[in-house]
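J.: When you get a sec, could you give me coordinates for this:
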Amino acid sequence: MSLDAHLRWRCRRGMRELDQLLGWYLDRRYAESGAVERAAFAALLEQPDPDLWDWLSGRSEAPQAAWRHIVDEIRRRHRV
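T.: Below is the predicted model:
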């Protein structure tokens, strides 16, 4: 499985809203990101769905700055 296919699979969360938000980042931002941000996105995808949803919906803040950068980018493009 290629890296892109693996990331696409990891973006599928079983919650439509998360699938769409994470898939948007993978489709629109990931390719232009640097190595550090790509690694942060991969690590972000390892987090539990409830945490991801809380961060993306603004209920709480992601604990790592690199994750906050990605979450903020997604939130700027989508009203969650």
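J.: For the residue nearest to the spatial centre of the chain, give its distance to Glu73.
T.: For the chain, Leu22 is the residue whose C-alpha lies nearest the centre (C-alpha atoms, centre = their mean; 4.4 Å). Noted for Leu22: a distance of 12 Å to Glu73, by C-beta to C-beta, to the nearest Å. To be clear about C-beta, it is placed using only N, CA and C from the backbone, and glycine gets the same treatment.
J.: go on, Gln64?
T.: For Gln64 relative to Glu73 (C-beta to C-beta), the value is 14 Å.
J.: What of Tyr25?
T.: According to C-beta to C-beta, Tyr25 and Glu73 sit 7 Å apart.
J.: Comparing the two, which residue is more hemmed in?
T.: Shown here are Tyr25 and Glu73; by other C-beta atoms under 10 Å, Tyr25 has more neighbours (21 against 16).
J.: Give the other helices and strands that the one helix or strand the more buried one maps to contacts.
T.: Here Tyr25 is covered by helix 16-28, with elements defined by DSSP states H and E. Where contact means 3 or more C-beta pairs under 8 Å, 6 or more residues apart in numbering; DSSP states H and E, helix 16-28 is packed against helix 3-11, helix 49-57, helix 65-77.
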